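>>> Kindly generate the corresponding structure for this input.
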Amino acid sequence: MKILVLQGPNINMLGRRKAQHYGAVTMDEIHDRLAQKAEELGCEIECFQSNYEGALVEKVQEMRDGVDAILMNPAGLTTSSVSLRDAIEDSELPLVEIHLSNIHSREEWRRHSMFSEIAVGIIAGFRWRGYTAALEMIVGMLKEQ
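Here you go, the predicted model:
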């Protein structure tokens with residue numbers, strides 16, 4: 001079983017930006033913790049981050065036949081990326097949407113996600129822990145199928 005972990009714009013800056021919302025853990029530390037959890041769960045992960053929407057779309061298209069699910073923090077693309085949503089929906093892969101902060105307790109415009117309607121689940125507000133929880137949950141769901 002293989003899971004694609006997609007990280008949207010500015011996630012590469014974690015640990016250096018708005019710790020009150022996102023915590024102090026860096027993207028690389030999140031990926032390391034995910035790799036540990038994946039090993040415990042007996043699955044593989046492939047992590048990919050880009051600040052460019054098109055690169056994320058291309059990664060989904062490239063990997064759609066080589067992975068079993070997608071974990072994604074769309075970050076700054078949450079409210080606006082029709083093309084990334086379409087690529088994920090077209091892949092027919094189960095998606096777990098992850099947000100480090102609780103988007104529903106922040107500005108009104110952050111509360112709408114282009115991805116929530118196509119996600120099997122959404123985790124928001126648990127900072128880095130949301131990623132490992134999402135991995136555990138999607139692997140459990142896939143094993144049940």
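>>> Averaged pLDDT, stretch 61-78. What do you get?
For stretch 61-78, mean pLDDT rounds to 96.
>>> Distance of Tyr52 relative to Asp28?
19 Å (C-beta to C-beta, to the nearest Å). (C-beta placed from N, C-alpha, C; glycine too.)
>>> actually Leu77, not the one I typed
21 Å.
>>> Between these two, tell me which one has more neighbours.
Taking other C-beta atoms under 10 Å, Leu77 and Asp28 do not tie; Leu77 has more neighbours (24 against 13).
>>> how deep is Ser80 tucked in, by neighbour count?
Per other C-beta under 10 Å, the neighbour tally for Ser80 reads 14.
>>> Now the spatially closest residue to it that is not a sequence neighbour: which helix or strand?
In this structure, Ser80 finds its nearest non-sequential neighbour in Met114, 6.7 Å apart by C-beta to C-beta, 6 or more residues apart in numbering. Here Met114 sits in a region with no helix or strand, counting by DSSP states H and E.
>>> Check whether the residue most central in space within the chain sits in a helix, strand or coil.
Centroid-nearest residue in the chain: Met72, 1.6 Å away (criterion: C-alpha atoms, centre = their mean). Secondary structure, DSSP: H, G, I helix; E, B strand; the rest coil: Met72 is strand.
>>> Correct me if wrong: it contacts Gly8.
Yes. Checked against C-beta atoms under 8 Å, the pair Met72 and Gly8 is within contact range at 7.4 Å.
>>> show me where pLDDT drops low in the chain?
Applying pLDDT under 70 to the chain flags residues 17-23, 102-107, 109-112.
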